[in-house]
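Participant: okay, predicted coordinates and the sequence, questions at the end:
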Amino acid sequence: MVEEKYLAIFKDEASSHLSALEKCILDLESKGVSQELIKEGMRSAHTIKGSARLLGLEEIGKIAHRIEDIFKEVDSGKPLTPELITEILSGIDSIKKLIEGEKKESKIEERPKDEVKKGFEVLRIPREKVEAIIDYTSELFVQKIKLAGKIETYEVIKKELKEEIADYLRNFLPEDKIKPITERVSSVFYEITEDFKNAYEELSSLVENIHHTSLFMRFVPFSEVGEELRRIARDVAEENKKKIRFLIKGGETELDKADLDKVKPALIHLIRNAVDHGIETPQVRRSLNKSEEGLVEISVEMEGENIKITVSDDGAGINVDKLVERAVEKGLIDRNRAEQLSENEKIALMFEHGISTKEMVTEISGRGVGMDVVKAIMVEMRGDVRVETHKNRGTKISLIFPRTSFTIKGIKVRDLEEVVIPVNDVVKIVRVKREEVIFRNSEAFIELGDKLIPVKPLAFLLGFEGYSLFDERDYTYVLLLKSGEKIFGIKVSDFTSDEEHIIKSPSALLEGMKLIAGITISKEGLPVIVLNINDLAEMFFTGTSPQIGEEIKERKKRILLVEDSITTLMIEKNILELAGFEVDTAMHGGEALKMLNSKTYDLFVLDIQMPVVDGIELTKIIRSNPLTSKKPVVIVSSITDEKEMRKAKEAGADVYISKRDFDKSGFLKVVRDFLER
Amino acid sequence: MDIKSEIRKRLFKALGGEEEKYLVLAKRKKSFFAVPFEFVREVIPPPPVKILPLSPPFLKGIISHLGRIIPILEISEFIKIDEPEMRRVMTLLISDGHYIAGILINEYPEFKKIEEESEIFPAETPSRENTFLKGFVKEKETLIPILNISLIFEEVRKRIKRW
């Protein structure tokens, strides 16, 4: 009896291999025999055979075995005749029919409906659909933020409308009659706004849940594949009359399904080899004073930003001499060269096509197909294979590969720009007072135990102008990072506690760009770079040093100009830029608030009447933020009302310029005077 | 048939002249350029661009669009546009099927149907200015450069590797 879920997996796997086989044989027929195509065909047939036998689909296994044999004969020099091609193609057709039959026949083990209801129902959804859902939910998140901005604007409109209605009614009604009307209007607006806000809150919480769930949809625990591997190990052991104990370590580690699917065939080969080639029979183990039961273990762990999956056994170990002998026999290496090989080079021969250490070719493995597949999979995944083997003590084979998409625990830091640093690379975060920094030849160091650790501003390393070591404060934050044996410090202005981040690839066009380990999306829906700490370390130790000494490097003064009139904005921007200032612009207070959180400004030029957050409110926020509280605020407004001007002063504005009296030189003088203070 | 009209015919075919084909005419700063329609994916309002540290000048940064990370290219680094910066209004998303990128443009693009009688010309003698061009199309007495998107992507990959 075949369980439905395994049959479904097999069906998918077999159809892709059958298509590959079909293409391969047709290519061989049309383009002529090539080693590469033969190897490809042999591997596909081998994989179908193995999986079919595992599920007890003997008929399919037999056909696949025959196809594999044909490829093997051709590999040894037998001509690929039209008869053989026809035999392979009709074999492929037979397998297809048998697979369809398996689905239709009642061989499938049916689970009672109640059981399905009680447990998890598993739906097979194409990857593109899952990815599309993730992408759309990210966009939902961005729209949620935008909606929050609209609600703020609505609040402003509500206030203004009430005043406008009152002004209008004053033309017809006495003051005492106006108040009840405006109060009624206000209360209706209040109710509508509250309904709107409540709906937004509910929507917001739903969007956050959907976003979080969707991000983790592609991740599955390794144990999902681990259990399949356990079954394979068990069946292989039974067939070979061996006793094994199978252990999975780190099965709870969640990996991207894409990575798991890619690496699975390699793991199947390793497990088969471990049981079939590695673990000895109970009799042999007894004679070696080993427990009758061999140990096969598979462990999953993170190694920096890589995944490391290790398959180990306590069996006979690889017979390296036999491996070399086979390689010589196969003509892969000449005897003289073989004698000069190091132990590791000899072991590496196992990854050559057609090499096996097994005495006899069995139904399970040892046909010379396997380890070259493992190597090929690792090459495709930009990974590596490490082998450790000891005679009679066993073999340990590790597959190490980078993750396609993954979650990391990261700390979001800001030093002019915001980036994420993986927690694994952080040794410590320290708050350093000005007097605790040691300067040597204008380079900064802090003491850590008996060591001096060099420190550079992160903004300097990332190439941003306007870096400093203290941000005009008496203390600074330093993240001590490690890269290999080296420890170095980066100064940041601010940081958040560690949190889980989903890492995306930075797009194929940018592949290989230094410093970027990946991109994550902030809660505001904006991309944030995750730094590659090894690249940062290289830059730290080989690049130039910042001109910090005890002073902040001279830089262009940066002004944030907030104005909702595009004409005024462009005029003021032009004046300031021509005078040599660096100018960032925002069209309203809400936009300015976001910018305040991402950059350091030396002066603010604000209008009063603006949507979302007005100039008065923005001034109050600037004054309440310790990083901006002492920065000059210049108001340029068309309002000449004494009351509004007083409000601006009370909120903390330093100077109030009326647009009516605006002149270029006067405006520039005010800005320069403040910046020179 | 003279050589000029033969070249024009071949260029028309190279631009997909067998079927109904369009060029998308976009404006960067004050200059127009054209992109074969099949490379254009979308025109979107400019989302916030995240600057990448120590990035080359042709790379303005990255954006997140529908959850995808898309690099934003400065097209004036590939074709000659010396005018001053203008207020950005749009991002033109282009793709060759493998790579995708955004180009900053300053006006909503127009479409131009390519017909056999359309005045399209090959780029003249290879020079720095027309390395990344497929040719020119004549529109209202002005020659508008037609971008070779695949070549631009290839160049971006090369420059990023070297950077």
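Facilitator: Now that the structure is in, tell me what you want to look at. If you're wondering where the values come from, they're calculated on a predicted model, not measured in any experiment. Numbers count the residues shown, from 1 in each chain, chains lettered A, B, ... in the order given.

Participant: for the closest residue to A:L203 other than its chain neighbours, list the residues it contacts.
Facilitator: Once flanking residues are discounted, A:L203 sits nearest to A:K144: 7.1 Å by CB to CB, 6 or more residues apart in numbering or on different chains. Every C-beta, even on glycine, is put in place using the N, C-alpha and C of the backbone. For A:K144, the contact set (CB atoms under 8 Å, 6 or more residues apart in numbering or on different chains) comprises A:203-204, A:207.

Participant: for A:V156, see how far away A:K144 is.
Facilitator: Taking CB to CB, to the nearest Å as the measure, A:K144 falls 20 Å from A:V156.

Participant: which element is the nearest residue to A:I134 once chain neighbours are set aside on?
Facilitator: Among residues not flanking A:I134 along the chain, A:S214 sits closest, at 4.9 Å (CB to CB, 6+ apart). Under the criterion of DSSP states H and E, A:S214 resides in helix A:175-215.

Participant: before we move on, back to that, top of the contacts of A:K144 by number of neighbours, please.
Facilitator: A:V207 (18 neighbours; other CB atoms under 10 Å in any protein chain shown).

Participant: wouldn't that residue be in contact with A:L140 here?
Facilitator: Yes - counting by CB atoms under 8 Å, A:V207 does reach A:L140; the two are 5.1 Å apart.

Participant: roughly how far does the residue in chain B positioned nearest to chain A sit from A:G278?
Facilitator: For chain B, the residue closest to chain A is B:G67, as judged by CB to the nearest CB, at 3.1 Å. Per CB to CB, B:G67 is found 45 Å from A:G278.

Participant: show me which of these two is the more surrounded one.
Facilitator: More neighbours surround A:G278 than the other of B:G67 and A:G278, with 28 against 23 (other CB under 10 Å).

Participant: returning to what we had before: now the residue nearest to A:L203: which helix or strand?
Facilitator: Counting by DSSP H and E, A:K144 is part of helix A:127-169.

Participant: so where do the helices sit in chain B?
Facilitator: Secondary structure of chain B (DSSP state H): helices at B:3-14, B:149-162.

Participant: what about the helix holding A:K144, average pLDDT?
Facilitator: The average pLDDT for helix A:127-169 rounds to 76.

Participant: in chain A, what helix or strand scores lowest on average pLDDT?
Facilitator: strand A:108-109 (a mean of 35; mean pLDDT, DSSP states H and E).

Participant: also chain B?
Facilitator: helix B:3-14 (a mean of 57).

Participant: can you get me a residue count around A:D256?
Facilitator: Neighbours of A:D256 (other CB under 10 Å): 17.

Participant: try A:L89
Facilitator: 16.

Participant: so who does B:L73 touch?
Facilitator: B:58-60, B:101-103, B:152, B:156.

Participant: give me the subset of the residues you listed touching chain A.
Facilitator: Counting by CB under 8 Å from any CB of the partner chain, B:59, B:101, B:156 from these sit close to chain A.

Participant: TSV for those residues, including pLDDT, distance to A:R43 and neighbour count?
Facilitator: TSV is the format used below for the ones next to chain A among the contacts of B:L73 (pLDDT from 0 to 100; distance: CB to CB, whole Å; neighbours: other CB atoms under 10 Å in any protein chain shown):
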residue	pLDDT	distance to A:R43	neighbour count
B:L59	91	40	22
B:A101	93	37	25
B:V156	89	36	21
